[in-house]
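Colleague: coordinates for the following, if possible.
(2 chains)
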Number of protein chains: 2
Amino acid sequence: MARVVVDVMPKEEILDPQGQAVANALPRQGFEGVSHVRQGKHFELEVADDVDDDTLERIAENFLANPVIEDWSVRRVES
Amino acid sequence: MARVVVDVMPKEEILDPQGQAVANALPRQGFEGVSHVRQGKHFELEVADDVDDDTLERIAENFLANPVIEDWSVRRVES
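Modeller: Next up is the predicted model:
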């Protein structure tokens, strides 16, 4: 089995109210120095060794991300 | 400025209905070989160079994760 991580983030031009809410709240709680926060989704998948990279890309594109408003990255990680 | 990634995942013992919904749907759409899917949150932060690791841990614990039901990891990444 292989472990795969897929991170899905809103495209740069897309408003990210959740990330902005965190960024705005931090100074009020005494945490200075954080200028930008973006929030997305993090998926961890366990896949059979015969699942190839092309299939992983199609899974990310069709199931995990909305290609219109989100970018995604797929990477294999140590099990 | 430094770029920091914080990944927040449900603890192993916590039910992950979203991850299970994806895992169950994949075979129906012809994607075999994915046995387990877990879904969490992925944060990307831009922080001043003087923000230390301890502060980042406290930000993760107090703002980005719910320590009762979630685990998190903090890592600095290339800007």
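
Colleague: any residue of the lowest-mean-pLDDT helix or strand in chain A touching chain B?
Modeller: Across the helices and strands of chain A, mean pLDDT, DSSP states H and E gives its lowest value to helix A:17-28, namely a mean of 92. Yes. With Cβ under 8 Å from any Cβ of the partner chain as the measure, helix A:17-28 is seen reaching chain B through A:19, A:22, A:25-26. For every residue, glycine as well, the C-beta is placed using N, CA and C.

Colleague: same check on stretch A:72-79?
Modeller: No. Judged by Cβ under 8 Å from any Cβ, stretch A:72-79 stays clear of chain B, getting no closer than 9.7 Å.

Colleague: what comes up buried for that stretch?
Modeller: Across stretch A:72-79, burial judged by 16 or more other Cβ atoms under 10 Å in any protein chain shown covers A:72, A:74.

Colleague: can I get that stretch as PDB, trimmed to CA atoms?
Modeller: What follows is stretch A:72-79, C-alpha atoms only, in PDB (Å, rounded to 0.1, in the frame of the first residue of the first chain):
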ATOM      1  CA  TRP A  72      -4.700  20.800  -6.000                       C
ATOM      2  CA  SER A  73      -1.400  19.000  -5.500                       C
ATOM      3  CA  VAL A  74      -0.900  15.300  -5.300                       C
ATOM      4  CA  ARG A  75       2.200  13.800  -3.600                       C
ATOM      5  CA  ARG A  76       3.200  10.300  -2.400                       C
ATOM      6  CA  VAL A  77       4.500  10.200   1.200                       C
ATOM      7  CA  GLU A  78       6.400   7.600   3.200                       C
ATOM      8  CA  SER A  79       3.900   5.000   4.700                       C
END
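
Colleague: which residues does that stretch contact?
Modeller: A:1-9, A:53, A:56-57, A:60-61, A:64-65 (Cβ atoms under 8 Å, 6 or more residues apart in numbering or on different chains).
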